[in-house]
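Participant: Sequence first, predicted coordinates after that:
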Amino acid sequence: MATEDKNRATAAAILPLVGGAANVSSIAHCMTRLRLGLHDRSLVDDDALKALPAVMGVVDDDTYQIVLGPGTVARVTPEFEQLVEEGRTSEDPAPVHTAEELADKGAALKAQQKAKNATPFKLFLRKIANIFVPLIPALIGCGIIAGLNGLLVNLGWLTSVTPALAAMASGFMALIAVFVGYNTAKEFGGTPILGGAVAAIIVFPGVANIDAFGQTLAPGQGGVLGALGAAVLAVYVEKWCRRWVPEALDVLVTPTLTVLISGLVTIFGLMYVAGEVSSAIGTFADWLLSTGGAGAGFLLGGFFLPLVMLGLHQALIPIHTTLIEQQGFTVLLPILAMAGAGQVGAAAAVYLRLPRNESIRKTIRSAMPAGLLGVGEPLIYGVSLPLGRPFITACVGGAFGGGFVGLFNQLGDSVGSTAIGPSGWALFPLLDGNHGLGSTIAIYAGGLLVGYVAGFVATYFFGFSKALLTEFNVSQEPAASPVAATGGRTTSDGDSPAKEPAGV
């Protein structure tokens, strides 16, 4: 089957299982998941979805999320969008419910979502993630081109081509503040182009001619944090204008005042403040790893998966972006990526400890390649999280891997990533550091090996109680596996599903 036909077949298989085109209110995708807004959650057939060969798992969060894996999701989503569009013109309307039924169902779903995820802090972090996640593909592409260009420059090859590669790699980063401003305004309910226009002030070369409070501004001062703050301010100014400006003058006055007021505050305040905060982030990251590298790496690598479970990992996205903007790479991501290594080692141990449970072993065999490439959802949702204790031992593996990489940072060998997103083996093309590519690759590979081994040993010897081992080490058909039956949606204690582990 051709790739296009396969992707369309996957989309066609998914659509009726989520209630058909009339039940889909919004469609989006991230690195690994098709994210759907649904009118009626009760129309979804979870079990049938999880049984589809292309589906790695499902997560019921603020959107209904179907895990398809990197690459696949980007190809299936356009096909799904086209099928939904076609279906809306041909399908019968969604079943009509009484007002009382709809009100009861809406109240129940609202209460359920609030109980699980709708804390103000998590909602804020989700907005931050929604601003930066769409930028990840460009960060990855430009990061790989930057790495290739650096290699060619060091080798002295293709000197006529390297300036062009440098332009490709640097162009996006030079203007990233504009994209951040655009996405910020869109996420906070303003006009996206106005957010981009205000953020563009930060990177405009002409700001070097401005003297703000006795200091000359530098183009790019404040970076993505300044752009985020400027765009949020622009949204509030715009909303204020919409309330007070007469409709006849709105089209002229509102955008003018939005850019003028927000721009003045950005130039004479936000750029300086955000610049100081950005510098402090870089200084703190360098200090943390240079003075307490091994211990800091141990804690960061060990607690990253729990951070993901709580949704708090999203707070790290602007920090990564700030470090990349300042130093050319983020030293935090290679350490956090060790959580994925611990997960792989833990899964290998589960495979050996449950020789009679063919269902779980089949899940591990199918999910292991993705895990090695840094896609952790299948192993987390299908293996370690439902089992419970192996999730903890996977964190132990991540801690030791993070400690290994952190130790070398403490010794002066900085290991960083030029982009956010991939981990595992997929991070190798994006690695950069301060002591040459060979040294950087060797340290990162060593960290992965330590994470694999530590996760394996911890899980093999401490990942199962006698009762758990007796319960799961039984001969089962794949469809009857207790772990497979969860689809990665709940833990053995009935906890809520994990949030997406970006970069695991």
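Facilitator: Perfect, thanks for sending it.
Participant: Where do the strands of this protein begin and end?
Facilitator: Along the chain, the stretches classed as strands by DSSP state E are 24-29, 33-38, 57-60, 64-67, 211-212, 215-216, 415-417, 431-433.
Participant: how far does the third one sit from the chain's center?
Facilitator: Relative to the centre of its chain, strand 57-60 is centred 16 Å away, using Cα atoms, centre = their mean, to the nearest Å.
Participant: Partner strands of that strand and their direction?
Facilitator: strand 64-67 (antiparallel) (DSSP bridges).
Participant: Kindly report the same for the fifth one.
Facilitator: Partners of strand 211-212 in the sheet, by DSSP bridges, are strand 215-216 (antiparallel).
Participant: any idea of the pLDDT on G275?
Facilitator: Note on G275: pLDDT of 90.
Participant: who's in contact with it?
Facilitator: For G275, the contacting residues are 218, 221-223, 226, taking Cβ atoms under 8 Å, 6 or more residues apart in numbering as the criterion. To be clear about C-beta, it is placed using only N, CA and C from the backbone, and glycine gets the same treatment.
Participant: Can you flag the buried ones in those?
Facilitator: 221-223, 226 (16 or more other Cβ atoms under 10 Å).
Participant: what about the strands of the chain, which gets the closest to R242?
Facilitator: The closest of these to R242 is strand 24-29. By Cβ to Cβ, the value is 24.0 Å.
Participant: Kindly export that closest one (C-alpha atoms) in PDB.
Facilitator: Provided in PDB are the C-alpha atoms of strand 24-29 (Å, rounded to 0.1, in the frame of the first residue of the first chain):
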ATOM      1  CA  VAL A  24     -15.200  16.800  15.600                       C
ATOM      2  CA  SER A  25     -15.000  20.500  16.600                       C
ATOM      3  CA  SER A  26     -11.200  21.100  16.200                       C
ATOM      4  CA  ILE A  27      -8.200  19.300  14.700                       C
ATOM      5  CA  ALA A  28      -4.500  19.800  15.600                       C
ATOM      6  CA  HIS A  29      -1.400  17.800  16.000                       C
END
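Participant: any weak-confidence spans in the stretch 51-200 of the chain?
Facilitator: Residues of the stretch 51-200 of the chain that meet the criterion pLDDT under 70 lie in 88-118.
Participant: hmm, try it at 80
Facilitator: Low-confidence segments of the stretch 51-200 of the chain, defined by pLDDT under 80, are located at 61-62, 69-71, 74, 87-123, 125, 150-151, 154-155.
Participant: Helices of that one, residue ranges please.
Facilitator: Listed in chain order, the helices found in the stretch 51-200 of the chain under DSSP state H, counting those that start in this stretch are 72-90, 99-116, 120-132, 136-155, 162-174, 176-187, 192-203.
Participant: buried sites along the fifth one?
Facilitator: Within helix 162-174, the residues that qualify as buried are 162, 165-166, 169, 172-173, counting by 16+ other Cβ under 10 Å.
Participant: ok, now the third one?
Facilitator: By 16+ other Cβ under 10 Å, the buried positions in helix 120-132 come out as 122, 125-126, 128-132.
Participant: Tell me which two of the residues you listed sit farthest apart.
Facilitator: In terms of Cβ to Cβ, the buried residues of helix 120-132 reach their longest pairwise distance at K122 and F132, which sit 15.9 Å apart.
Participant: before we move on, back to that, for A347, find the nearest of the helices of the stretch 51-200 of the chain.
Facilitator: Distances from A347 to each of the helices of the stretch 51-200 of the chain were compared using Cβ to Cβ; the minimum, 20.5 Å, belongs to helix 72-90.
Participant: Check which helices and strands that closest one sits against.
Facilitator: helix 3-17, strand 24-29, strand 33-38 (3 or more Cβ pairs under 8 Å, 6 or more residues apart in numbering; DSSP states H and E).
Participant: From the chain's centroid, how far away is the longest helix along the chain?
Facilitator: Across the chain, the helix with the greatest residue count (assigned by DSSP state H) is helix 271-310. Remark: helix 271-310 is offset 17 Å from the chain centroid, using Cα atoms, centre = their mean.
Participant: Just say which of the helices and strands packed on helix 72-90 is most tucked in.
Facilitator: strand 33-38 (a mean of 21; mean count of other Cβ atoms under 10 Å).
Participant: Can you spell out which helices and strands pack onto that one?
Facilitator: Helices and strands touching strand 33-38, by 3+ Cβ pairs under 8 Å, 6+ apart, are strand 24-29, strand 64-67, helix 72-90.
Participant: can you redo those as TSV with distance to C241?
Facilitator: Listed next are those as TSV, based on distance: least, Cβ to Cβ, whole Å:
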stretch	distance to C241
strand 24-29	28
strand 64-67	36
helix 72-90	34
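Participant: Just say which of the ones you listed is most tucked in.
Facilitator: It is strand 64-67: most buried of the helices and strands packed on strand 33-38 by mean count of other Cβ under 10 Å, with a mean of 24.
Participant: Contacts for that one next, please.
Facilitator: The list of residues contacting strand 64-67 from outside it, by Cβ under 8 Å, 6+ apart, reads 14, 18, 32-38, 41, 44, 49, 55-59, 377-378, 381, 488, 500.
Participant: from the chain's centre, how far out does that strand sit?
Facilitator: 14 Å.
Participant: Pull that strand out as CSV, backbone CA atoms only.
Facilitator: In CSV, the C-alpha atoms belonging to strand 64-67 read as follows (Å, rounded to 0.1, in the frame of the first residue of the first chain):
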residue,chain,number,x,y,z
TYR,A,64,-8.9,13.9,22.9
GLN,A,65,-5.4,12.8,21.9
ILE,A,66,-4.6,9.8,19.7
VAL,A,67,-0.9,8.8,19.8
